[in-house]
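A.B. asks: Here is a sequence with its predicted model. Questions after.
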Amino acid sequence: MRIWGLACILLFEALVFAAPAGERLHILVSPFRNAGDPAHAWLSAGITDSAIADLSSLNNVAVISDEDRRTAMRELELVMAGLVPDDGAARAGRMLGAHVVFTGSCAVAGPRVRIVTKLIRVETGAVEKSRRFDGSVDEIFEIEDRLVLGLIEDAGTLGVENVIPVGVSTATEKTVRGGYRPAAGAWELYAQGRGRIETDPAGALALLTKAIEIDPSYAEALMAAGFVAGSVLNRYDEGMALTQRALALLEKQGDEAAGARAEALMGLGRISWRRGSNDDALGYFARARALYELRGLTASEGYAKLLANTGNVYYAMGAKDEALDYYSRARLAWERSGRGETLPSAVFLMNAGNVYSVKGDHAKAAELFNKSREILERMKLGKGDSYARLMMNMGIAAFKAGAGTKAALGYCARAGRIWTDLKLADTADFAYLLEQTATFRYLDGAHAAAREDLARAASIYRSLGRADKAAEIEKSAADIAK
């Protein structure tokens, strides 16, 4: 989620708990496709989510967060029309530093279910292994365990270079098979809710709430409901209460639930930050950080994102030095995690560049922005959403560095063209861009053009339900006209 200030900073929404000790196998779980009756599409979402949860509980693999996957796929879909699902998953895997992609399809016929899994090697895009699992819908939890264990077994035969070997040990099987089994009916509602979060968050929350009513001890449903309420619908009190309930359940499970506890604390920190309680956010993030550090889990994706989010809070508080310290530590943790120069690392660099720009260290800001630009262009994302945001931030920074309004408007114009081509000219990002171009045009003496930009920005904000912001901008436009 973005915060708005002098520049655009990204908040990381999710984390995955992973172990250190060298380069682990990085797995991207791509959504399973529904290949049967549309009425059972929820099953595909449930299988995907369960696979991510089970794999995240293992110490010898690292799972790419679903938030990162969604971001990567959104970038690809925006710039590449007609992308084949498997090709898109492999490209997303390369963008995110994954070694393999795990995906497949589900089909329900009467009481029977068939799940076909595929293991794709990211380097080549080839399907290396495929399995079929048949059973009854009532046996879905047993089937889920089998498909995750099958993935681990297959991944161990691929011979991926420079990664710790994986395999199905007694401990691995115990961990996978020992996961929480929700009450009958609760999992189906949970899976349906998870599948609707992006398209119908209010409806998703209603389904998740029903799942919790059936099984009040269902921590995953409480976590998901807390995220939707607090981080999507801005129902902060409700989101905090749901996530606190999940945390209380997870604390009773001891060390085995350390990763889930860290995620719950991150969720509480995110909601606190959104509601403006920065000190509370820092407190929750500090507790999550302690879980990582006490267990030596500082070379992981989750730890890197936790540090970056802490930096975002300090940036919002105006504590620029503290923000830069956490951004620097986040970049180091990311490099140690083995993910390399990927889409999230480009975001780390952009966020740090914004802070250096505010501090007045324009040379360092330019260095970091250009590095972020190199990564995005190497991934062929020069026409994507993240690149447009980078161009806007580079325009703001160029002006602050004394390059003048012409240079700033050049960067902003490029951002505007990208967002227009992507049909994103009705978003809050685009409205913010118009605010910046209005400032530059006004300083350039083009007052009429500045008023036009502000009018467009106000119209967008009003269409997004932000009447207070629209009124503020309209007042600025009226002041120019005087």
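C.D. replies: Arrived safely, thanks for sending. Since this is a predicted model, take the numbers as computed values, not measurements. Numbers count the residues shown, from 1 in each chain.
A.B. asks: burial measure for residue 149, as a count.
C.D. replies: For residue 149, the neighbour count with other CB atoms under 10 Å is 16. No exception for glycine: its C-beta is placed from N, CA and C like everyone else's.
A.B. asks: try the one 3 residues further on
C.D. replies: Residue 152 is surrounded by 23 other residues when neighbours are defined as other CB under 10 Å.
A.B. asks: Tell me the spacing between it and residue 294.
C.D. replies: 27 Å (CB to CB, to the nearest Å).
A.B. asks: At the geometric centre of the chain, which residue do we find?
C.D. replies: When CA atoms, centre = their mean is applied to the chain, the residue found nearest the centroid is residue 67 (2.6 Å).
A.B. asks: pLDDT value on that residue, please?
C.D. replies: What the model reports for residue 67 is a pLDDT of 74.
A.B. asks: Let me know the secondary structure of it.
C.D. replies: helix (DSSP: H, G, I helix; E, B strand; the rest coil).
A.B. asks: repeat for residue 133
C.D. replies: Per three-state DSSP, residue 133 ends up strand.
A.B. asks: do residue 276 as well
C.D. replies: coil.
A.B. asks: Got the phi and psi for it?
C.D. replies: Main-chain torsions, residue 276, degrees, to the nearest 10: phi 90, psi 10.
A.B. asks: per-residue pLDDT, it?
C.D. replies: 84.
A.B. asks: ok, residue 412 touching residue 395?
C.D. replies: Yes - using CB atoms under 8 Å, residue 412 is in contact with residue 395, at 4.3 Å.
A.B. asks: Next, show the common contact partners of these two.
C.D. replies: 436, 440 (CB atoms under 8 Å, 6 or more residues apart in numbering).
A.B. asks: hmm, which helix or strand of this protein has the shakiest average pLDDT?
C.D. replies: Using mean pLDDT, DSSP states H and E, strand 2-4 stands out as the lowest-scoring helix or strand of the chain, at a mean of 29.
A.B. asks: count of neighbours near residue 188?
C.D. replies: 20.
A.B. asks: residue contacts, it?
C.D. replies: 42, 46.
A.B. asks: Toward the C-terminus, what is the element adjacent to the helix or strand encompassing residue 266?
C.D. replies: According to DSSP states H and E, residue 266 maps onto helix 258-274. Using DSSP H and E, the helix or strand that follows helix 258-274 in sequence is helix 278-294.
A.B. asks: who does that following helix touch, helix- and strand-wise?
C.D. replies: Secondary structure elements in contact with helix 278-294, counted by 3 or more CB pairs under 8 Å, 6 or more residues apart in numbering; DSSP states H and E, are helix 258-274, helix 301-316.
A.B. asks: can I get the CA coordinates of the longest one in PDB?
C.D. replies: Right, the one you point to is helix 258-274. Listed in PDB are the C-alpha atoms of helix 258-274, where the atom choice follows Å, rounded to 0.1, in the frame of the first residue of the first chain:
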ATOM      1  CA  ALA A 258       6.600 -18.300  15.200                       C
ATOM      2  CA  GLY A 259       6.200 -17.500  11.500                       C
ATOM      3  CA  ALA A 260       2.500 -17.000  11.700                       C
ATOM      4  CA  ARG A 261       2.900 -14.900  14.900                       C
ATOM      5  CA  ALA A 262       5.400 -12.600  13.100                       C
ATOM      6  CA  GLU A 263       2.900 -12.300  10.200                       C
ATOM      7  CA  ALA A 264       0.100 -11.400  12.700                       C
ATOM      8  CA  LEU A 265       2.300  -8.700  14.300                       C
ATOM      9  CA  MET A 266       3.100  -7.400  10.900                       C
ATOM     10  CA  GLY A 267      -0.600  -7.200  10.200                       C
ATOM     11  CA  LEU A 268      -1.200  -5.200  13.400                       C
ATOM     12  CA  GLY A 269       1.600  -2.900  12.500                       C
ATOM     13  CA  ARG A 270       0.200  -2.200   9.100                       C
ATOM     14  CA  ILE A 271      -3.200  -1.400  10.400                       C
ATOM     15  CA  SER A 272      -1.800   0.800  13.100                       C
ATOM     16  CA  TRP A 273       0.200   2.700  10.500                       C
ATOM     17  CA  ARG A 274      -2.800   3.200   8.300                       C
END
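A.B. asks: That one: how far from the chain's middle?
C.D. replies: 14 Å (CA atoms, centre = their mean, to the nearest Å).
A.B. asks: What is it packed up against?
C.D. replies: Applying 3+ CB pairs under 8 Å, 6+ apart, we find helix 258-274 packed against helix 219-227, helix 236-251, helix 278-294, helix 301-316.
A.B. asks: That helix versus helix 236-251: what angle between them?
C.D. replies: Per axes from the mean of the first three to the mean of the last three CA atoms, to 10 degrees, the angle that helix 258-274 makes with helix 236-251 is 160 degrees.
A.B. asks: if we can go back for a sec, dump the helices and strands packed on helix 278-294 to a markdown table, plus distance to residue 331.
C.D. replies: A markdown table is the format used below for the helices and strands packed on helix 278-294 (distance: least, CB to CB, whole Å):
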| stretch | distance to residue 331 |
| --- | --- |
| helix 258-274 | 19 |
| helix 301-316 | 8 |
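A.B. asks: Dump those to CSV, plus distance to residue 200 and mean neighbour count.
C.D. replies: CSV is the format used below for these (distance: least, CB to CB, whole Å; neighbours: other CB atoms under 10 Å):
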stretch, distance to residue 200, mean neighbour count
helix 258-274, 21, 24
helix 301-316, 27, 26
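A.B. asks: of all those, which lies closest to residue 122?
C.D. replies: Proximity to residue 122 (CB to CB) singles out helix 301-316 among the helices and strands packed on helix 278-294, at 15.9 Å.
A.B. asks: which helices and strands does that closest one pack with?
C.D. replies: strand 2-4, strand 8-10, helix 258-274, helix 278-294, helix 320-336, helix 343-359.
A.B. asks: Only the buried residues of the fifth one, if you could.
C.D. replies: In this case it means helix 320-336. 320, 322-324, 326-327, 329-331, 333-334 (16 or more other CB atoms under 10 Å).
A.B. asks: ok, those residues vs residue 279, which is closest?
C.D. replies: residue 322 (13.0 Å).
A.B. asks: Quick check: pLDDT value at that closest one.
C.D. replies: 94.
A.B. asks: Does it touch residue 314 like I think?
C.D. replies: Yes - counting by CB under 8 Å, residue 322 touches residue 314, with 4.1 Å between them.
A.B. asks: could you pull out the strands for the stretch 1-150 of the chain?
C.D. replies: 2-4, 8-10, 25-29, 33-34, 61-63, 100-109, 112-121, 126-136 (DSSP state E, counting those that start in this stretch).
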